[in-house]
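K.L.:
structure for this input, please:
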Amino acid sequence: MDDAAARTQFDRPSPDAPSAEAPALELIDEAVGRATRALLEKQNADGHWVYELEADATIPAEYVLLVHYLGEPADLELERKIGVYLRRIQGEHGGWPLFHGGALDVSATVKAYFALKMIGDSPDAPHMVRAREALHAHGGAGACNVFTRILLALYGVVSWRAVPEMPVEIMHLPRWFPIHLDKISYWARTVIVPLLVLRRLKPRAVNPRGVTIDEIFLQPPSTITGLARGAHQKEPWASFFFALDQVLRVVEPHFPKRSRQSAIDKAVTFVTERLNGDDGLGAIFPAMANSVMMYAALGVPEDDPRRAIARKSVEKLLVVKDDEAYCQPCFSPVWDTALASHALLEAGSPEAEAAALRGLQWLKPLQVLDVVGDWAVQKPDVRPGGWAFQYANPHYPDLDDTAVVVMAMDRARHRAEVAGAYDMPIDRGREWVVGLQSKNGGWAAFDADNTYHYLNNIPFADHGALLDPPTVDVAARCVSMLAQLGETDSPRMKAAIAYLEREQEADGSWFGRWGVNYVYGTWSALCALNAAGLTADHPMVKKAADWLVRIQNPDGGWGEDCSSYKLDYQGYEPYPSASSQTAWALLGLMAAGRTDDPAVARGIAWLQANQDERGVWPEDHYTGGGFPRVFYLRYHGYSKFFPLWAMARYRNLKRGNQAQVAWGM
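P.N.:
A predicted model of the protein is given here:
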C-alpha cells in the first residue's frame with residue numbers, strides 16, 4: 001500500500017480507537033510507576049542492565065553445528081532445549097523466517113533443518129517434512145546465501161567451488177588497492193579474516209554423527225558451482241567482480257607458497273590481537289565462531305589459551321531457560337544501560353534517578369581511552385574516547401552508543417552527588433564523536449567515510465552489508481549529543497543538518513538503519529532537529545511529524561514491519577502496533593512540538609491500555625536492525641524502557657506546560 005492509501009485508511013477513526021481526550025495524568029503516573037518498578041527489578045547489582053538479544057534461527061543452529069564441526073562431546077540436554085526453541089519459532093509456511101511472522105528464508109531454514117537433524121530429529125517428523133517441502137518450493141538448499149554455502153562446504157555438503165574465491169593473500173594488499181580490509185565494515189572485517197584462512201585450508205567438519213542433508217537439495221549438492229548475484233548488485237561492477245572470481249579460481253593455486261604462509265600468519269596475528277578476552281573477536285558470534293574454527297584448522301590445541309578463550313566467548317552467549325535455549329548474536333549491556341538510564345531520568349522519581357546514576361557509574365569505566373581501534377586508519381589524529389555496544393570491544397567502539405551515553409551523563413552531571421564526575425568522560429566522548437564525522441556531514445556506526453559502495457558487488461557480498469556508511473539514525477544521535485552540549489551553529493553542525501535534509505524521504509520520513517525502520521529513523525531525526533533549534537514550523541520538521549500522524553494505526557499505536565527494508569519499498573505499509581515503535585513515534589512527535597496533538601493522546605492511551613500487570617509491554621515484534629534484508633534483532637529491553645520514556649515525557653511536558661523537549665533525545 002502506498003503512502004496516500006495508508007493516509008486514507010488511517011484518516012478514518014476506528015470504532016475502537018482510543019479517545020483523543022488527553023489521558024489523566026494521575027493514571028499516567030501509575031503506569032510510569034509500574035514501568036519504573038519493572039525496570040528497577042531488572043537492574044543488576046553492579047548497576048547495569050542487559051536484556052536478551054534475540055536474532056533468528058541461524059545463530060542457535062550455527063552453535064549446534066559448531067559443536068559438531070569441532071567434534072566436541074555434545075551436551076544432550078542443551079541440544080534438546082535448543083531443539084525446542086527451533087521448533088517453536090518455525091513459521092507456518094514450514095520454514096524459518098528472519099523475524100517474527102516473516103517470510104521463509106532459505107538460508108535460515110537450511111541451517112535450522114541441519115541443526116535439528118544433527119540433534120536427532122527424524123527427517124520423517126512432520127515439522128521436518130514441512131521444512132523440506134517448503135525448501136523444495138523455494139528452489140532447494142542450493143538457493144542459500146554465501147555464508148550458508150561456506151558452512152555447508154566446511155561440512156563437505158557442497159564443494160568449495162560453490163563458494164566465492166577469497167585468497168588469503170588479500171592480507172598483503174596495500175591500502176590504496178581497491179579491495180582492502182580497511183575499506184569494509186568492522187563486522188565484515190572480523191568475520192572475513194578468519195574465513196580467509198578457512199577458505200585456504202578447506203578443513204572438514206568432524207561431524208561424529210555423520211549427518212547429511214542431501215534431501216533438501218533439488219540437485220546433487222556436489223554439482224552446485226554457480227554463484228547467485230544479490231538483488232542489490234549492479235552493473236558493471238557485478239559482472240567485473242564475478243569475472244574476477246573466475247580468474248582467481250584459475251590463478252590462485254599458483255600463488256607462491258611463501259607469500260601464502262605469510263598471509264595466513266598475518267591473518268592469525270590480526271585475530272589474536274583482537275581476541276578481546278572471553279568477550280570474543282569483534283564481540284559478535286559469527287566472528288567468534290570463525291576464530292575458533294580457524295585455530296582448529298591450524299592445529300592449535302584445545303587447551304591453547306587463544307583457542308580456549310575464543311571457544312569460551314561463544315559459550316557465554318547462550319541463553320538457557322527451564323524449557324528451551326538459544327544463542328545470542330552478542331550482548332547489548334552498554335546500549336541497554338544507557339537507554340534505561342535515560343528512561344529513568346525522565347521518570348524522575350528518587351528511586352528512578354538513583355538507579356540511573358548507578359547505571360551511569362557502571363558505564364563510566366567502560367569508556368575506551370587507551371586502545372586505538374581500527375577506526376584510526378581513517379582518523380589517525382583522533383584520540384580514543386568512545387563506548388562499545390558490548391561489555392568489551394575496545395577495537396570497535398561505536399558512535400551511537402557513545403552519543404547516547406554522553407547525553408545521559410550530561411543529563412546527570414549537575415546533580416550534587418556526581419558533580420564533576422562526568423566532565424572528562426563527556427569531553428572525551430564528544431571529542432571522539434566530532435573526530436569521526438564523515439565528509440558528507442553524517443556519521444556511521446564504527447568508522448568514518450566507509451563508503452566504498454562498489455565493494456557490495458563482490459560475490460561474497462550477496463548480503464549487501466559489507467560497508468558501514470553514514471546513516472541518518474547515527475548521524476541524528478550525534479547531532480542530538482552536540483546540540484545538547486551547546487553546539488548548534490558550527491560548520492560541522494550545519495554540514496550535519498544539511499546531510500539530514502538531503503536524506504529525508506519525499507513523504508517526510510527518514511530511513512532507520514539500526515531500528516525498524518522509517519519510524520525509528522524519523523524519531524531519531526526529529527530529536528536531533530529539535531535539539532539543534534529547528535522549530536515545529538520548519539518544513540523538515542512539519543513534513544516528518546505529519547507523516548507520523550498520517551501512519552498512526554486506528555488503535556492509536558504505531559507499527560512497522562521488517563519487510564520495509566525491501567529494495568522496492570514504495571511507502572509505508574500498515575502493520576500491527578508495537579510498544580517500542582509507538583514510543584518512538586510519540587517521542588518524535590513531542591520533539592516536533594506536537595505534544596498537544598490528538599494523535600499523541602491516542603498513542604499514550606494505547607500504551608496505557610497495553611501495559612500488562614507486571615508494568616511492561618509484551619512485544620514479539622523484531623524492531624531492531626542488524627543488516628537490512630538479512631539479519632534482524634529483537635531487543636527484549638526495548639519494550640521495557642522506550643514506552644516508559646515516552647509516557648514519562650508526555651506527563652512531564654503536560655504537567656510542566658512546556659512545548660519543547662529540553663534534551664537531545
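
K.L.:
how far out from the middle of the chain is stretch 55-66?
P.N.:
Remark: stretch 55-66 is offset 17 Å from the chain centroid, using C-alpha atoms, centre = their mean, to the nearest Å.

K.L.:
show the backbone phi and psi for residue 255.
P.N.:
Main-chain torsions, residue 255, degrees, to the nearest 10: phi -60, psi 150.

K.L.:
quick check: pLDDT value at it.
P.N.:
With respect to pLDDT, residue 255 has a value of 86.

K.L.:
what residue, apart from its backbone neighbours, is nearest it spatially?
P.N.:
For residue 255, ignoring the flanking residues on the chain, the nearest one in space by C-beta to C-beta, 6 or more residues apart in numbering is residue 169 at 5.9 Å. C-beta here means a position set from N, CA and C on the backbone, and glycine is covered the same way.

K.L.:
in the strand or helix carrying residue 239, what counts as buried?
P.N.:
Per DSSP states H and E, residue 239 falls inside helix 237-251. For helix 237-251, burial by neighbour count (16 or more other C-beta atoms under 10 Å) applies to 238, 241-242, 245, 248.

K.L.:
can you confirm the residue nearest to residue 255 is in a strand?
P.N.:
No. Counting by DSSP: H, G, I helix; E, B strand; the rest coil, residue 169 falls outside a strand, being helix.

K.L.:
re earlier: what about the helix holding residue 239, distance to the chain center?
P.N.:
On the basis of C-alpha atoms, centre = their mean, helix 237-251 sits 31 Å off its chain's mean C-alpha point.

K.L.:
what does it rub up against?
P.N.:
Contact with helix 237-251 is made by 161, 164-165, 167, 227, 229, 454, 457-459, as judged by C-beta atoms under 8 Å, 6 or more residues apart in numbering.

K.L.:
ditto for stretch 590-601
P.N.:
18-23, 523, 526-527, 529-531, 535-536, 541-542, 544-545, 548-549, 552, 586, 589, 646, 649-650, 653-654, 658-661.

K.L.:
let's see it at 7 Å
P.N.:
The contact list for stretch 590-601 (C-beta atoms under 7 Å, 6 or more residues apart in numbering) reads 20-23, 526-527, 530, 535-536, 541, 544-545, 549, 552, 586, 589, 649-650, 653-654, 659-661.

K.L.:
try stretch 505-515
P.N.:
Against stretch 505-515 from outside (C-beta under 7 Å, 6+ apart): 3, 400, 471-473, 503-504, 517-518, 520-522, 524-525, 543-544, 546-547, 571, 623-625.

K.L.:
would you mark the buried spots in it?
P.N.:
505, 507-515.

K.L.:
show me where the chain has strands.
P.N.:
53-54, 318-320, 325-327, 624-627, 631-635 (DSSP state E).

K.L.:
tell me, how many residues neighbour residue 183?
P.N.:
Residue 183 has 23 neighbours, counted by other C-beta atoms under 10 Å.

K.L.:
and it, how close does it get to residue 396?
P.N.:
For residue 183, the distance to residue 396 (C-beta to C-beta, to the nearest Å) stands at 16 Å.

K.L.:
would you turn the strands of the chain into a markdown table with mean neighbour count and mean pLDDT?
P.N.:
Formatted as a markdown table, these follow (neighbours: other C-beta atoms under 10 Å; pLDDT from 0 to 100):
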| stretch | mean neighbour count | mean pLDDT |
| --- | --- | --- |
| strand 53-54 | 24 | 98 |
| strand 318-320 | 15 | 98 |
| strand 325-327 | 24 | 98 |
| strand 624-627 | 21 | 92 |
| strand 631-635 | 23 | 96 |
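
K.L.:
closest to residue 410 out of the ones you listed?
P.N.:
Evaluated with C-beta to C-beta, the strands of the chain place strand 631-635 nearest to residue 410, the distance being 23.6 Å.

K.L.:
packing partners for that closest one?
P.N.:
strand 53-54, strand 624-627 (3 or more C-beta pairs under 7 Å, 6 or more residues apart in numbering; DSSP states H and E).

K.L.:
so which of those is nearest residue 115?
P.N.:
Closest to residue 115 of the helices and strands packed on strand 631-635, according to C-beta to C-beta: strand 53-54, at 16.2 Å.

K.L.:
weed out the non-buried ones from the contacts of stretch 505-515.
P.N.:
Buried, going by 16+ other C-beta under 10 Å: 3, 400, 471-473, 503-504, 517-518, 520-522, 524-525, 543-544, 547, 571, 623-625, out of the contacts of stretch 505-515.

K.L.:
so who does residue 183 touch?
P.N.:
By C-beta under 7 Å, 6+ apart, the contact set of residue 183 is 452, 455.

K.L.:
against residue 174, how distant is it?
P.N.:
Residue 183 sits 12 Å away from residue 174, going by C-beta to C-beta.

K.L.:
buried ones only from the contacts of stretch 590-601, please, as a ChimeraX command.
P.N.:
Written as a ChimeraX command, the selection of buried residues from the contacts of stretch 590-601, which uses 16+ other C-beta under 10 Å, is:
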select :22,23,526,527,530,541,544,545,549,552,586,589,649,650,653,654,661
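
K.L.:
so which of the contacts of stretch 590-601 are in helices?
P.N.:
If you go by DSSP state H, these have 526-527, 530, 541, 544-545, 549, 586, 589, 649-650, 653-654 in helices.

K.L.:
out of those residues, who's nearest residue 365?
P.N.:
Nearest to residue 365 among the ones in helices among the contacts of stretch 590-601, counting by C-beta to C-beta, is residue 527 at 27.6 Å.

K.L.:
I figured that closest one hits residue 481, correct?
P.N.:
No. Residue 527 is not in contact with residue 481 according to C-beta atoms under 7 Å; the separation is 10.4 Å.

K.L.:
what touches both of the two?
P.N.:
Shared contacts of residue 527 and residue 481 (C-beta under 7 Å, 6+ apart): residue 664.

K.L.:
any low-confidence regions in this protein?
P.N.:
1-21 (pLDDT under 70).

K.L.:
quick test: name the residue nearest the centre of it.
P.N.:
The centroid of the chain falls nearest to residue 626 when counting by C-alpha atoms, centre = their mean (3.1 Å).

K.L.:
check contacts around the residue lying closest to that one once chain neighbours are set aside.
P.N.:
Using C-beta to C-beta, 6+ apart and skipping residues adjacent in sequence, the residue nearest residue 626 is residue 633, 5.2 Å away. Contact analysis of residue 633 by C-beta under 7 Å, 6+ apart lists 53, 55, 622, 624-626.

K.L.:
out of those residues, what pair is the most spread apart?
P.N.:
Longest span within these, C-beta to C-beta: 53 and 625, 12.4 Å.

K.L.:
still on that earlier bit, show me which of the contacts of helix 237-251 are buried.
P.N.:
Members of those classed as buried by 16+ other C-beta under 10 Å are 164-165, 167, 227, 229, 454, 457-459.

K.L.:
export those residues to CSV and append columns for distance to residue 560.
P.N.:
As requested, the buried ones among the contacts of helix 237-251 are arranged in CSV below (distance: C-beta to C-beta, whole Å):
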residue, distance to residue 560
164, 34
165, 39
167, 41
227, 33
229, 28
454, 31
457, 29
458, 31
459, 32
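
K.L.:
of those residues, closest to residue 266?
P.N.:
residue 167 (12.7 Å).

K.L.:
what's the spacing between the closest one and residue 295?
P.N.:
Note on residue 167: its distance to residue 295, by C-beta to C-beta, is 20 Å.

K.L.:
what's the answer for residue 33, then?
P.N.:
Residue 33 is 51 Å from residue 295, by C-beta to C-beta.

K.L.:
same question for residue 503.
P.N.:
From residue 503 to residue 295 the distance is 42 Å (C-beta to C-beta).

K.L.:
one more: residue 237?
P.N.:
Distance check for residue 237 against residue 295: by C-beta to C-beta, it reads 35 Å.

K.L.:
could you do residue 524 as well?
P.N.:
To residue 295, residue 524 is 40 Å away according to C-beta to C-beta.

K.L.:
swap in residue 488?
P.N.:
For residue 488 relative to residue 295 (C-beta to C-beta), the value is 51 Å.
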